[in-house]
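Undergrad: I would like to see how this sequence folds:
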Amino acid sequence: MPLSREAYFIIFLLATALVSFFITKRVKRLAESLGARDYPDLPRKIHDRPLPKFGGVAIFFTFTAAVIVLAAFGFLDEITPLRIAGFILGGAVLIIGGIIDDKYDLPPAKQIWFPVTAALLVVLSGTHISYITNPFGNPILLDQYKVWIYPVAGSLFVFAWVLGMTYTTKFLDGMDGLVAGISVIAGLVIFGLSLGPQVNQTATAFLALVFAAACFGFLPFNFYPAKIFLGEGGSTFTGFMIAVLAVISGGKIATALLVLGIPILDAAWVIVRRLWFGDSPFAGDKKHLHYKLLDIGLTQRQAVVFLYFLAAVFGIIAVFLQSWGKLVALIILSVVMLTIAMAAALLYRKPRP
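TA: Numbers count the residues shown, from 1 in each chain. This is a model prediction of the structure:
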């Protein structure tokens, strides 16, 4: 008797998480043997001892292995092999670039070429969107003008979207387990959305599920107190894959925006602030919201779980809302972000006994 789709979901979820767990143990030992450690040598680094990096290598190899098995079983037939190759190769570029950066600490002007190349590979493999849903009226068309087979506006939008999300998780990666945990939530939300009647894409659901499982298997080693860090490759690969999954699941950009809304707004505010004061937008500092939560007295675990909660709440809301409802939710999310930031600033400045 053949297994049901739901049974395969459970099998791939458990198997991918277990494989990720054991590969992470191996990668941790490899990073230690190679001396690839993150030292607490800057004010923004809040860990108290050198810790191995390369955690993203474990997530990438686990996810890639799961994709190969899914393709062999025919579960990814809805997605062309070229598009699959595009995001796998893009992920490989980020991981390789991350390993190089972790080893040699590349300047931002050189670091950026890896995310740019990864985003270009996604676009060149044929991943684009034709329109954006408009809650106020007709959809905004993005495929009216083409160069060869590529819609100009749709391709540029996907390129900017993937690049922006890649840097969002990179900037977010400042506390133990934060990026990995929110990536699990994002993957599960896109999984649920992909199974909804409006999308109904089994292939995308499988991809989102194994991505979430790969991150989940890594999380026990990364949650506070962390034993291994994602590294540059992992912090960029997670955002990259969330962006890709949102696009191939029918262009559900608003859903990803709601899951990562707080980090996106936080990253935008910090970048604007850095530019205003003449600093590099890529320079690290402790102005991010997750650091502010520590300043007001929350522990790392409390701050991370609080941000998990917000991502999960708005992500679950996104699964059930239509375009107009998602717009309202995005506005509410912006208000929540502003309120949290103002409250953190006021509490931090308040004299303590």
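
Undergrad: Can you tell me how far the residue nearest the centre of the chain is from Leu230?
TA: The C-alpha lying nearest the average C-alpha coordinate of the chain belongs to Gly239 (Cα atoms, centre = their mean; 2.5 Å). According to Cβ to Cβ, to the nearest Å, Gly239 and Leu230 sit 11 Å apart. From N, CA and C alone the C-beta is placed, and that goes for glycine too.

Undergrad: what residues are shared contacts of the two?
TA: Overlap of the contact sets of Gly239 and Leu230 (by Cβ atoms under 8 Å, 6 or more residues apart in numbering) consists of Val179.

Undergrad: where exactly do the strands run in this structure?
TA: 37-38, 51-52, 131-132, 140-141, 146-147, 150-151 (DSSP state E).

Undergrad: ok now the first one, how far from the chain's centre?
TA: Per Cα atoms, centre = their mean, to the nearest Å, the displacement of strand 37-38 from the mean C-alpha position of its chain is 22 Å.

Undergrad: what's the model's confidence in it, averaged?
TA: The average pLDDT for strand 37-38 rounds to 86.

Undergrad: likewise the fourth one?
TA: The average pLDDT for strand 140-141 rounds to 72.

Undergrad: what do you get for stretch 302-313?
TA: 90.

Undergrad: CA atoms of it as CSV?
TA: Backbone C-alpha positions of stretch 302-313 (Å, rounded to 0.1, in the frame of the first residue of the first chain) are rendered in CSV as follows:
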residue,chain,number,x,y,z
GLN,A,302,14.1,35.6,26.7
ALA,A,303,14.9,38.0,23.9
VAL,A,304,15.2,35.3,21.3
VAL,A,305,12.0,33.5,22.4
PHE,A,306,10.2,36.9,22.3
LEU,A,307,11.3,37.5,18.7
TYR,A,308,10.3,33.8,17.9
PHE,A,309,6.8,34.6,19.3
LEU,A,310,6.4,37.7,17.1
ALA,A,311,7.5,35.9,14.0
ALA,A,312,5.2,32.9,14.7
VAL,A,313,2.2,35.1,15.4
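
Undergrad: buried stuff in that stretch?
TA: 303-305, 307-308, 310-313 (16 or more other Cβ atoms under 10 Å).

Undergrad: What are the contacting residues of it?
TA: 175-178, 181-182, 185-186, 223-224, 259-263, 290, 293-294, 298, 336.

Undergrad: low-scoring stretches of the protein, by residue?
TA: Low-confidence segments of the chain (pLDDT under 70): 1, 42-44, 134-137, 249-252, 280-286, 322-327, 341, 344-353.

Undergrad: Helices of that one, start to end?
TA: 5-34, 55-72, 81-104, 108-111, 113-124, 152-172, 178-194, 202-222, 231-248, 253-259, 261-276, 289-295, 300-320, 323-349 (DSSP state H).

Undergrad: So which elements touch the fifth one?
TA: In other words, helix 113-124. helix 81-104, helix 152-172, helix 231-248 (3 or more Cβ pairs under 8 Å, 6 or more residues apart in numbering; DSSP states H and E).

Undergrad: Check the longest one too.
TA: Judged by 3+ Cβ pairs under 8 Å, 6+ apart, helix 5-34 is in contact with strand 51-52, helix 55-72, helix 202-222.

Undergrad: what angle do the last one and helix 178-194 make?
TA: Calculated by axes from the mean of the first three to the mean of the last three Cα atoms, to 10 degrees, helix 202-222 forms an angle of 160 degrees with helix 178-194.

Undergrad: For stretch 222-230, buried residues please.
TA: For stretch 222-230, by 16+ other Cβ under 10 Å, it's 222-224, 226, 228-230.

Undergrad: Show me which pair in those residues is furthest apart.
TA: Farthest-apart pair in those is Tyr224 and Leu230; separation 13.8 Å (Cβ to Cβ).

Undergrad: ok, now how distant is Thr169 from Gly181?
TA: 11 Å.

Undergrad: same deal with Ser334?
TA: Taken as Cβ to Cβ, the span from Ser334 to Gly181 is 22 Å.

Undergrad: So these two - more neighbours on which side?
TA: Each of Ser334 and Gly181 has its neighbours counted (other Cβ atoms under 10 Å); Gly181 has more, 22 against 13.

Undergrad: Run a quick neighbour tally on Gly315.
TA: 23.

Undergrad: Who are the contact partners of it?
TA: Counting by Cβ under 8 Å, 6+ apart, Gly315 makes contact with 185-186, 188-189, 255, 258-259.

Undergrad: can we see that at 6 Å?
TA: Counting by Cβ atoms under 6 Å, 6 or more residues apart in numbering, Gly315 makes contact with 185, 189, 259.

Undergrad: Redo the residues you listed as a markdown table? Include distance to Thr24.
TA: Formatted as a markdown table, the contacts of Gly315 follow (distance: Cβ to Cβ, whole Å):
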| residue | distance to Thr24 |
| --- | --- |
| Ile185 | 19 |
| Val189 | 23 |
| Val259 | 23 |
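
Undergrad: re earlier: most packed of the helices of the chain?
TA: helix 231-248 (a mean of 29; mean count of other Cβ atoms under 10 Å).

Undergrad: quick one: contacts of that helix?
TA: 53-56, 59-60, 87, 91, 94-95, 98-99, 101-102, 115, 118, 122, 127, 158, 161-162, 165-166, 168-170, 173, 179, 183, 186, 190, 204, 208, 211, 252-253, 256.

Undergrad: returning to that earlier point: nearest to Phe22, of the strands of the chain?
TA: That would be strand 51-52 among the strands of the chain, by Cβ to Cβ, at 16.0 Å.

Undergrad: All set, thanks.
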